[in-house]
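sequence first, then the predicted structure, then my questions.
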Amino acid sequence: MFNKRLKIKELLKQEAENQQVTIMGWVRSFRNNQFIALNDGSTNTNVQVVAELGKFEESLLKRITPSASLKVTGSVIPSLGKGQKLEVKATSIEVLGDSDPETYPLQLKNRPSLEYLREIAHLRFRTNTFGAIFRIRHTLAFAIHRFFNDRGFVYLHTPIITASDAEGAGEMFRVTTLPLENLPKNEDGTINFKEDFFGRSANLTVSGQLEGELAATALGEIYTFGPTFRAENSNTPRHLAEFWMIEPEMAFCDLEDNMNLAEEFIKFLIRYTMEHNHDDLAFLAQRLADEEKQLPQDKRSEMGLIEKLDFVLNNAFERITYTEAIDILLQSPAYKKKKFQYPVEWGIDMQSEHERYLVEKHFKKPVIVTNYPAKIKAFYMRQNDDGKTVAAMDILAPGIGEIVGGSQREERLERLEQRMKEMNVPAEDLWWYLDTRRFGSVPHSGFGLGFERMVQFVTGMTNIRDAIAFPRTPNNAEF
Ligand code: ATP
Ligand code: MN
């Protein structure tokens, strides 16, 4: 058996009692031909391996270079160095894989920029920053299942390929096996999708919600957690073409129940991460503080990362209606001084600058905005009695903007059909969806949380490309 090793995270919990251990990892640095900082990815903290002078061949020591992989056996002794209680005094060092320092692209000494690290995303896992981010991303994913499992929700896998283009048709990626150079045509010149793989046109899913509703109206409470795809041609720090979404859907649930669950959910995820990734968060908090030192005073955050997370945990999210939000914007100094780039009036789809004003300047905490104009929201949202708004709710988070979008769903068949007609949603394609309203319809609600935006929020990363291992964005699908 090769792998009888102790993970560094476990080693660091032990007391130094001269015990023999075997550890394996990658070299982060090698000082004075004697002190190796070894990291195995289980924690950001490196363990110091001491190669006593004169004990090892010069030819071996030469091969201890950044990112070389080592198997080290030795005894655990108390450390005299500051910031570490123990170190490993090596009795044997084996180089498992060499790393040529002349060609190794990741030189940690000069703090590579996040932009550069995106170009070498295959190696960025080997930095402290991305080690911390991906361990936290894992914790969040685990916590999501934990949260819903503990509450009796059923994890539903909705299809990735769909033939329904009911939502945001313009933003979908098409899935086809038709020959692009010789497309089969109908008599009127349009493409004949009957000859395509599925006998109809198909796309990558933008959301599992409609299928989620089918399951929720029988199983009661379900959630999805899977990849979604949007061909949004916008290069922003908060949009990916491929991202992961969590979509709970609950029967017997109104808008208020929905908001309560979403707030509880977000707080649970934060609390769980703070409990399980203390060191990673502390590292990222420091990273963010260092980064913000480069910014002018008025662009810096008022709170550090940990403070911010604590604050979110300990305060109720502000809840306001869309109409109230517009009033606040119209009364704001920013509006009066013409600081907004986009117009503000009742009926607008709020832009990022408006959302950020509400969250970061006005309320200074997460805000849930409800009851949006029907015109700017999807056909399935429940119509309010005022005839103009729907029972929608978006959660806006500091530094991120929209993190959750949800609603109570229209459960009344006639209302839903009328709305679909108004919005040109083809009812015949969605016959299966409408069946939920024909047979035992119930009030029900759900929301979608963008996983990478949640990762951004918890890690303090300002660009969503740093919250997923291999980001897909316009003109970029490397790795
Ligand atoms: P936005 O206005 O920010 O584009 P949206 O209104 O299109 O968001 P929804 O369709 O409500 O978003 O999707 C639910 C959630 O999925 C959003 O609240 C957000 O967290 C996330 N999300 C949406 N689009 C993207 C994207 N392109 N990349 C990453 N996350 C996204
Ligand atoms: Mn969008």
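Yes, it's here. Ligands and ions are numbered 1, 2, ... in the order given.

C-alpha from now on. contacts and neighbour counts both.
OK.

what about the strands in the stretch 51-200 of the chain?
For the stretch 51-200 of the chain, applying DSSP state E, counting those that start in this stretch gives strands covering 69-78, 86-97, 154-155, 161-162, 174-175.

helices or strands up against the third one?
The contact analysis (3 or more Cα pairs under 8 Å, 6 or more residues apart in numbering; DSSP states H and E) places strand 154-155 against strand 221-229.

so which bits of the chain are right by ligand 1?
Contact residues (Cα under 6 Å from any ligand atom) of the chain with ligand 1: 230, 238-241, 243, 402-405, 448-450, 453.

most neighbours among these, which one?
Arg453 (29 neighbours; other Cα atoms under 10 Å).

low-confidence regions, the stretch 51-200 of the chain specifically.
Where the stretch 51-200 of the chain drops to pLDDT under 70, the residues are 165-170.

try 50
Within the stretch 51-200 of the chain, the segments meeting pLDDT under 50 span 169.

please name the nearest non-neighbouring residue to the residue nearest to the spatial centre of the chain.
Closest residue to the average C-alpha location of the chain: Glu452 at 1.4 Å, with Cα atoms, centre = their mean. Nearest in space to Glu452, with sequence neighbours left out and distances taken as Cα to Cα, 6 or more residues apart in numbering, is Ala467 at 5.5 Å.

swap in Gly450?
With sequence-adjacent residues excluded and distances taken as Cα to Cα, 6+ apart, Gly450 is closest to Met245, at 4.7 Å.

SS state for the one you found?
Following DSSP: H, G, I helix; E, B strand; the rest coil, Met245 is assigned to strand.

tell me which element Leu343 is part of?
For residue 343 the amino acid is Pro, not Leu. Pro343 is part of no helix or strand, with elements assigned from DSSP states H and E.

quick one, helices of this structure?
Taking DSSP state H as the criterion, the chain contains helices spanning 8-11, 58-61, 114-119, 128-150, 209-219, 255-276, 278-293, 305-314, 322-331, 333-336, 352-356, 413-422, 431-438, 451-459.

pick the most buried one from those.
Neighbour counts (mean count of other Cα atoms under 10 Å) averaged over each of these peak at helix 451-459, with a mean of 25.

restricting to C-alpha, output it in PDB.
The C-alpha trace of helix 451-459 is given here as PDB (Å, rounded to 0.1, in the frame of the first residue of the first chain):
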ATOM      1  CA  PHE A 451     -24.200  28.900  -6.200                       C
ATOM      2  CA  GLU A 452     -21.200  30.900  -7.400                       C
ATOM      3  CA  ARG A 453     -22.700  34.100  -6.200                       C
ATOM      4  CA  MET A 454     -23.000  32.500  -2.800                       C
ATOM      5  CA  VAL A 455     -19.400  31.400  -3.000                       C
ATOM      6  CA  GLN A 456     -18.400  34.900  -3.900                       C
ATOM      7  CA  PHE A 457     -20.300  36.300  -1.000                       C
ATOM      8  CA  VAL A 458     -18.800  34.000   1.600                       C
ATOM      9  CA  THR A 459     -15.200  34.200   0.200                       C
END
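
okay, the angle between it and helix 305-314?
Inter-element angle recorded for helix 451-459 and helix 305-314: 110 degrees (by axes from the mean of the first three to the mean of the last three Cα atoms, to 10 degrees).

can you check what angle separates helix 451-459 from helix 278-293?
80 degrees.

what sits up against helix 451-459?
Outside helix 451-459, the residues that touch it by Cα atoms under 8 Å, 6 or more residues apart in numbering are 133, 136-137, 140, 238, 243-246, 270, 281, 284-285, 305, 309, 397, 399-400, 403, 462-464, 466-468.

please pick out the residue of this structure most distant from its centre.
Gly54 (49.1 Å).

what is the nearest of the residues of the chain next to ligand 1 to Phe153?
Gly448 (15.1 Å; Cα to Cα).

burial measure for the closest residue to the closest one other than its chain neighbours, as a count.
Excluding the flanking residues, the one nearest Gly448 by Cα to Cα, 6+ apart is Glu247, at 4.4 Å. By other Cα under 10 Å, the residues close to Glu247 number 25.

can you name the residues bridging to Glu247?
Beta-bridge partners for Glu247, by DSSP bridges, are Thr224.

what does the model give it for pLDDT?
Note on Glu247: pLDDT of 98.

tell me the contacts of it?
Contacts of Glu247 by Cα under 8 Å, 6+ apart are 208-209, 212, 223-225, 446-449.

and stretch 70-86, how far out from the chain middle?
Relative to its chain's centre, stretch 70-86 lies at 36 Å (Cα atoms, centre = their mean, to the nearest Å).

before we move on, back to that, can you lay out the strands of the stretch 51-200 of the chain as TSV showing mean neighbour count?
Listed next are the strands of the stretch 51-200 of the chain as TSV, based on neighbours: other Cα atoms under 10 Å:
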stretch	mean neighbour count
strand 69-78	20
strand 86-97	19
strand 154-155	18
strand 161-162	16
strand 174-175	15
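
so which of those comes closest to Phe363?
strand 154-155 (34.7 Å).

that closest one pairs with which strands?
strand 221-229 (parallel).

re the thing from before, what's the local residue count around the residue nearest to Gly450?
Neighbour tally, Met245, other Cα under 10 Å: 24.

relative to Ile120, how far out is the residue farthest from the centre of the chain?
Shown here: Gly54 relative to Ile120, a distance of 37 Å by Cα to Cα, to the nearest Å.

cool, Phe142 as well?
Taking Cα to Cα, one finds Phe142 at 27 Å from Ile120.

ok, back up a step: now do the contacts for the residue nearest to Gly450.
Neighbouring residues of Met245 by Cα under 8 Å, 6+ apart: 207, 224-228, 448-451.

same thing but 10 Å
When contacts are counted by Cα atoms under 10 Å, 6 or more residues apart in numbering, Met245 touches 206-208, 224-229, 404, 447-454.

wait, Gln383 sits on Glu410?
Yes. Using Cα atoms under 10 Å, Gln383 makes contact with Glu410 at a distance of 6.7 Å.

ok, Lys194 touching Thr177?
No. Applying Cα under 10 Å as the test, Lys194 and Thr177 come out as separate, 11.6 Å apart.

higher neighbour count, those two?
Lys194 (13 against 9).

got phi/psi on the closest residue to that one other than its chain neighbours?
Nearest residue to Lys194, sequence neighbours excluded (Cα to Cα, 6+ apart): Arg200, at 5.2 Å. Phi and psi for Arg200, reported as degrees, to the nearest 10, are phi -160, psi 170.
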